[in-house]
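Asker: With the sequence up front, the predicted model follows.
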Amino acid sequence: GESVGLHLPTLSVQEGDNSIINCAYSNSASDYFIWYKQESGKGPQFIIDIRSNMDKRQGQRVTVLLNKTVKHLSLQIAATQPGDSAVYFCAEIGMDSSYKLIFGSGTRLLVRP
Amino acid sequence: EAGVVQSPRYKIIEKKQPVAFWCNPISGHNTLYWYRQNLGQGPELLIRYENEEAVDDSQLPKDRFSAERLKGVDSTLKIQPAELGDSAVYLCASSLQGVSLSGYTFGSGTRLTVV
């Protein structure tokens, strides 16, 4: 299948281990942050979001942490599975409610069996 | 629910030729977006529609790109003439304004190769 990105930072983890993917965002006025998963040949798929007034949010096997002081976002995936292999992007949305997503650089997650 | 449907999935054209992409958003979604994704990068917004009105086209290269959303449902994005640097994946997304961002849904995209 086609590749989303050939020169992305890559995180390789063993199946069953936890994964942590990091992202630095640019706009301190952003109100919402979202993590997307993009598999080869597909569009980005929503994973989890967090508002700027929170510092942690948990979903099913995923946790997002937000550190506004250093403008850093992380995605933690528990018990990583082969199906988690994909490119992960963080995105931010500003206060103007335009719903314009500004994407960060992606990270490729490879899960070793 | 079919999701956001885009066609074609792939397109290869020679430079200076025209090309068009089509998007059918999720039923009832009044907001439609076109994004361009270059290899190894995140998507970048080209244009946003609220119903049939283009409310943000500041990132659309208007000398060669055009878009329309007649009747506020389907949308087409056109490039004329295409240049080598236009090779990318063109993604369409739709959302229901004001609803949770989890409803902001992307299509699978059209991969354009200009040779």
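Answerer: Perfect, I can see it now.
Asker: Any idea which residue is closest to the centre of the chain?
Answerer: Going with chain A. Centroid-nearest residue in chain A, with CA atoms, centre = their mean: A:Trp35, separated by 3.6 Å.
Asker: switch to chain B, that's the one I care about
Answerer: For chain B, by CA atoms, centre = their mean, the most central residue is B:Trp34; offset 3.0 Å.
Asker: Can you name the helix or strand that that residue falls in?
Answerer: strand B:31-37 (DSSP states H and E).
Asker: In chain A, what residue lies closest to chain B?
Answerer: A:Phe103 (2.7 Å; CB to the nearest CB). Quick note: C-beta positions are derived from backbone N, CA and C, even for glycine.
Asker: okay but that residue is in contact with B:Asn38, surely?
Answerer: No: here A:Phe103 lies out of contact with B:Asn38, judged by CB atoms under 8 Å, at a distance of 11.2 Å.
Asker: Looking only at neighbour counts, state which of those two leads.
Answerer: A:Phe103 (22 against 14; other CB atoms under 10 Å in any protein chain shown).
Asker: Specify the local secondary structure of the residue nearest to the more buried one when sequence neighbours are not counted.
Answerer: Among residues not flanking A:Phe103 along the chain, B:Gly42 sits closest, at 2.7 Å (CB to CB, 6 or more residues apart in numbering or on different chains). What DSSP: H, G, I helix; E, B strand; the rest coil gives for B:Gly42 is coil.
Asker: Common neighbours of A:Phe103 and B:Asn38, please.
Answerer: B:Glu44 (CB atoms under 8 Å, 6 or more residues apart in numbering or on different chains).
Asker: Of all the residues in chain B, which one is nearest chain A?
Answerer: Nearest residue of chain B to chain A (CB to the nearest CB) works out as B:Gly42 at 2.7 Å.
Asker: Going along the chain, name the helices of the chain.
Answerer: In the absence of a named chain, chain A is used. Remark: no helices are assigned in chain A by DSSP state H.
Asker: for it, what are the low-confidence residue spans?
Answerer: A:1-7, A:95-99 (pLDDT under 70).
Asker: Same check on chain B?
Answerer: By pLDDT under 70, the low-scoring segments of chain B are B:1, B:98-102.
Asker: all strands for it, in order.
Answerer: Using DSSP state E, the strands of chain B run over B:5-7, B:10-13, B:19-24, B:31-37, B:44-50, B:53-56, B:65-68, B:75-79, B:88-95, B:105-106, B:110-114.
Asker: For the longest one, output the C-alpha coordinates as CSV.
Answerer: Okay, so that is strand B:88-95. Coordinates of each C-alpha in strand B:88-95 appear next as CSV, following Å, rounded to 0.1, in the frame of the first residue of the first chain:
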residue,chain,number,x,y,z
ALA,B,88,0.0,15.2,-2.9
VAL,B,89,-3.0,13.5,-1.2
TYR,B,90,-6.1,15.7,-1.3
LEU,B,91,-8.3,15.0,1.7
CYS,B,92,-11.9,16.0,2.2
ALA,B,93,-13.4,16.2,5.7
SER,B,94,-16.8,17.2,7.0
SER,B,95,-18.3,18.1,10.4
